[in-house]
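> What follows is a predicted structure for the sequence shown.
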Amino acid sequence: MNKKEQQLDLYYQMVLIRRLEERGAELYQAGKIGGFMHLYIGQEAVSTGLIAAREPRDRVITAYRDHGVALNCGMSANEVMAELLGKATGVSKGMGGSMHMADTSKNMWGGHAIVGGHLPIAAGFAIGDQYAGNDNVTICMFGDGATNIGYFHEALNISKTWGLRVLWVCENNQYGMGTTVERASAVTEIRQKAEGYGMKNGQVDGMDVTKVYEAAKEALDFVRKNSQPYLLEVDTYRFRGHSMGDPERYRKAEEVKKWQENDPIGIFNKQLIEKKVASAKALDEIEARAEEDVVKAVEFAEASPEPAMEELYSDIYAD
Amino acid sequence: MAKITIREAISQALMEEMDRDPKVFIMGEEVGVWGGTYAVTKGFYDKYGAARVKDTPIAENAIIGGAIGAAMVGQRPVAELMTINFGFSAMDYIVNQAPKLHYMFGGQFKVPMVIRAVGGGGRQLGATHSQTPDAIFAHFPGLKVVSPGTPEDAKGLLKSAIRSDDPVLFLEHATMYQVRGEVPEGEYTIPIGKSKVQRAGKDVTIVTYCKGLELSMKAAEELSKEGIEVEVVDLRTLRPLDMEPIIESFKKTNRAVVVEEGWKSYGVGSEVVSRIYEQAFDYVDAPIIRVAQKEVPLPYNRTLEQAALPQVADITAAVKEVLK
């Protein structure tokens, strides 16, 4: 990732995620966003680096912490914000909400809210692509908590046995809701679980977008070339609670503070200035642009119509 | 018209659809090299090869979840559950994922998948392997649930299920693969969501499906000898449920018996009876009776198992009761 424009675009994407979610949290508190909402703040470098490394034909599927991935895949801030507000102009027409963002035209396949449930579906995408005879890779993101449930093991097993092109990406943010990895998982290094399936694996610092990008590039090349799955463990941390309703009794403020010193946006900002890719002023301008785009997105979402009452009964069946 | 078994009918439907559409493939436990545990896919592996007849690990989440994923990206998988009882291991996919994906994402995803599953008691398989839990699956909007009782319907409905852009659960019965019946020559399909009068009569309406149809047709035969003419309406599809032929029949007979193999409580029959009362209360001449499985886990012992399952005699007795 050497091109200046690309690096600055990634910086914009990371700031956009941060600003959109900060505003989203306010709207949630104000009662304008309902349901569960899980913020990605602190983890922006993971999906930003990962998605930047994919080919457009590579499919992406993730869990419920999906706003960042949605934006990285090219959904507009307007559509994402509108979905959060449950409006007809949302990416999923207001039928899915925070946890169910998808846009097949961007090859982003959701936004799935049953922990681990989307892993066999991801394997299914790869079964479909294998059957079609193409070399698309399915990038499947999930949290550390999802690696303790049966779905994960059935999906990993079949992906290796059948030679499916899946890049399994575990975002290890140290907690499954409020339970630490140590308290829930037999091994604390998640990548070791891939060893049990004879699956190639790797680990990378998820607070550094450049490192994530490079590790993802390498992993995607491996998967595509060898028609074999790969498990990439990405170490990261969420700065906010599990969801908006999290009292955060399970961790100390000092721990959060320590990780916040490794803010992925701050790290990238420093790198870009040190490498003279951009001046501090230029980065400030990017931040201002992201801010402005979020303001516009909120205006768009608030002005958008509610879904029509007929929508209640449409799309139950495709036939 | 050729006379074939339900096994042959299902097998023919699969083969015709695989020949017609290269996107159709089969995946499941022992569907390939073994030839299917109920021999429905015998010969398929040799004819179509491993890519189109996929032997899976014994991993129901990978089978059904995988089929959903493949369907979402444009293929038309037919996933086989060795028995519906194993479907509980993949319950999340059958009721919580497949039926929701089209709706929840604003119509973006389609899940053109069929889940074939065998159910039913009467083969001394013990309590966990003998269930007829159809009603549970029929509870969920977004899923289509089909359960035929004749070779003609089995073939025509399976072909429609494979061509449907929605997830379809196709429920077969373990003791009915040898049931013979006439099927039309050549290409035909039968639409999902249409009930059918399988035997015309004027005295009592029997509403049933699948194994219940086999039993009800026998009961109708016996009753006919005693001068009682029952009309047998076969649901064929449990969701979406077509009440039209039922209501039409009931308005004529004013008396009904509903027959199913599953448990009575919260069952398919309960739903049908409620709807008759809701839609044709003014035509009711006698309380409607449900014939169903006794409220016990099915025992292994043959005599006890048969005592728990609905029998022809239960149906004839119920018909006479509503005629009192």
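That came in fine, so what should we check first?
> sec struct for the residue of chain A found nearest chain B, please.
Residue of chain A nearest chain B, by CB to the nearest CB: A:G124 (1.8 Å). Yep, even glycine has a C-beta here, placed from its N, CA and C like the rest. With DSSP: H, G, I helix; E, B strand; the rest coil as the basis, the three-state label of A:G124 is helix.
> which non-adjacent residue is nearest it?
Distance criterion CB to CB, 6 or more residues apart in numbering or on different chains; nearest residue to A:G124, sequence neighbours excluded, is B:G69 at 1.8 Å.
> okay, the one you found: pLDDT?
With respect to pLDDT, B:G69 has a value of 98.
> secondary structure element for it?
Assigned by DSSP states H and E, B:G69 falls within helix B:60-72.
> Count the residues that sit near the residue of chain A closest to chain B.
35 (other CB atoms under 10 Å in any protein chain shown).
> That one and A:E171: what is the separation?
21 Å (CB to CB, to the nearest Å).
> ok, now B:Y188?
Counting by CB to CB - B:Y188 and A:E171 are separated by 51 Å.
> of these two, who's got more company?
Shown here are B:Y188 and A:E171; by other CB under 10 Å, A:E171 has more neighbours (26 against 12).
> Wait, that one touches A:Y237, no?
No: counting by CB atoms under 8 Å, A:Y237 is not a contact partner of A:E171; they are 9.9 Å apart.
> intersection of neighbour lists for these two?
Jointly contacting A:E171 and A:Y237 under the rule CB atoms under 8 Å, 6 or more residues apart in numbering or on different chains are A:Q43.
> Could you give the backbone dihedrals for A:L39?
The phi and psi values for A:L39, taken as degrees, to the nearest 10, are phi -90, psi 150.
> repeat for A:N172
According to degrees, to the nearest 10, A:N172 has phi -90, psi 100.
> which secondary structure element contains the most centrally placed residue in chain A?
Residue closest to the mean C-alpha point of chain A, counted by CA atoms, centre = their mean, is A:V69 at 3.7 Å. Per DSSP H and E: A:V69 is located in helix A:67-72.
> helices or strands up against the top helix by length along chain A?
In chain A, taking DSSP state H as the definition, the longest helix is helix A:4-29. Packing partners of helix A:4-29 (3 or more CB pairs under 8 Å, 6 or more residues apart in numbering or on different chains; DSSP states H and E): helix A:44-52, helix A:67-72, helix A:77-84, helix A:209-226, helix A:264-274, helix A:280-303.
> buried ones in the last one?
By 16 or more other CB atoms under 10 Å in any protein chain shown, the buried positions in helix A:280-303 come out as A:283, A:286-287, A:290-291, A:293-294, A:297-298, A:300-301.
> what angle separates it from helix A:77-84?
Orientation check (axes from the mean of the first three to the mean of the last three CA atoms, to 10 degrees): helix A:280-303 against helix A:77-84 gives 40 degrees.
> just how off-centre is helix A:280-303 within its chain?
How far helix A:280-303 lies from its chain's middle: 20 Å, per CA atoms, centre = their mean, to the nearest Å.
> one step back: give me the buried positions along the longest helix of chain A.
Buried residues in helix A:4-29 (16+ other CB under 10 Å): A:7-8, A:10-21, A:23-25, A:27-28.
> swap in stretch A:166-177?
Applying 16+ other CB under 10 Å to stretch A:166-177 flags A:166-176 as buried.
> contacting residues around B:K110?
B:K110 touches A:318, B:71-72, B:102, B:165-166, counting by CB under 8 Å, 6+ apart.
> same thing but at 10 Å, please
Applying CB atoms under 10 Å, 6 or more residues apart in numbering or on different chains, we find B:K110 in contact with A:104, A:317-319, B:71-74, B:101-102, B:164-167.
> Most neighbours out of these, which is it?
Within these, most neighbours by other CB under 10 Å means B:P167, with 31 neighbours.
> measure stretch A:248-266 end to end?
Stretch A:248-266 has an end-to-end distance of 24 Å (CA to CA, to the nearest Å).
> Give me the contact list for it.
Residues contacting stretch A:248-266 (CB under 10 Å, 6+ apart): A:11, A:14-15, A:17-18, A:41-46, A:48-49, A:173-175, A:177-180, A:183, A:205-209, A:212, A:236-242, A:267, A:269-270, A:283, A:287.
> what do you get if the cut-off is 8 Å, keeping everything else the same?
Outside stretch A:248-266, the residues touching it (CB under 8 Å, 6+ apart) are A:11, A:14-15, A:18, A:42-45, A:175, A:178-180, A:206-209, A:236-237, A:239, A:241.
> And stretch B:222-230, by the same measure?
Against stretch B:222-230 from outside (CB under 8 Å, 6+ apart): B:199-206, B:216, B:219-220, B:312, B:316, B:319-320, B:323.
> Can you pick out the most distant pair from those?
Within those, B:K202 and B:V312 form the most distant pair, 20.7 Å apart (CB to CB).
> Who has more neighbours out of the two?
Neighbour count, other CB under 10 Å: between B:K202 and B:V312, B:V312 has more, with 18 against 12.
> measure that one to chain A for me?
B:V312 sits at a distance of 36 Å from chain A (criterion: CB to the nearest CB, to the nearest Å).
> Spit out the contact partners of that residue.
Counting by CB under 8 Å, 6+ apart, B:V312 makes contact with B:215, B:218-219, B:222.
> Settle this for me: B:K202 is touching B:T253, isn't it.
Yes: contact criterion CB under 8 Å: B:K202 and B:T253 qualify, at 6.4 Å.
> tell me, what's touching these two both at once?
Common neighbours of B:K202 and B:T253, using CB under 8 Å, 6+ apart, are B:E231.
> Which phi and psi values does whatever residue of the stretch 201-324 of chain B ends up closest to chain A adopt?
In the stretch 201-324 of chain B, no residue comes nearer to chain A than B:P240, which is 8.2 Å away by CB to the nearest CB. Taking degrees, to the nearest 10, you get phi -70, psi 140 for the backbone angles of B:P240.
> who touches the closest residue to A:H118 other than its chain neighbours in this structure?
Distance criterion CB to CB, 6+ apart; nearest residue to A:H118, sequence neighbours excluded, is A:H112 at 3.7 Å. Going by CB under 8 Å, 6+ apart, A:H112 touches A:61-64, A:99-100, A:118, A:121.
> Hmm, B:R116 and B:E172 touching each other?
Yes: taking contacts as CB under 8 Å, B:E172 lies within contact range of B:R116: 6.7 Å.
> any residues in contact with both of those two?
B:I10.
> Next one: B:E271 from B:Y103, what distance?
Distance of B:E271 to B:Y103, computed by CB to CB: 22 Å.
> returning to what we had before: in the contacts of A:H112, which residue is surrounded by the most others?
Neighbour max across the contacts of A:H112 (other CB under 10 Å) = A:I121, 32 neighbours.
> before we move on, the earlier item: if you count what's nearby, which of B:E271 and B:Y103 comes out ahead?
Between B:E271 and B:Y103, counting by other CB under 10 Å, B:Y103 is the more crowded of the two (23 against 20).
> which residues touch the nearest residue to that one once chain neighbours are set aside?
Spatially, and ignoring its direct neighbours in sequence, B:Y103 is nearest to A:D315 (4.8 Å; CB to CB, 6+ apart). A:D315 makes contacts with A:95, B:102-103, B:106-107, as judged by CB under 8 Å, 6+ apart.
> what's the farthest-apart pair in the residues you listed?
That would be A:M95 and B:H102, which, of those, are the farthest apart (CB to CB) at 9.8 Å.
> Contacts only, for the residue of chain A closest to chain B.
A:G124 makes contacts with B:65-73, as judged by CB under 8 Å, 6+ apart.
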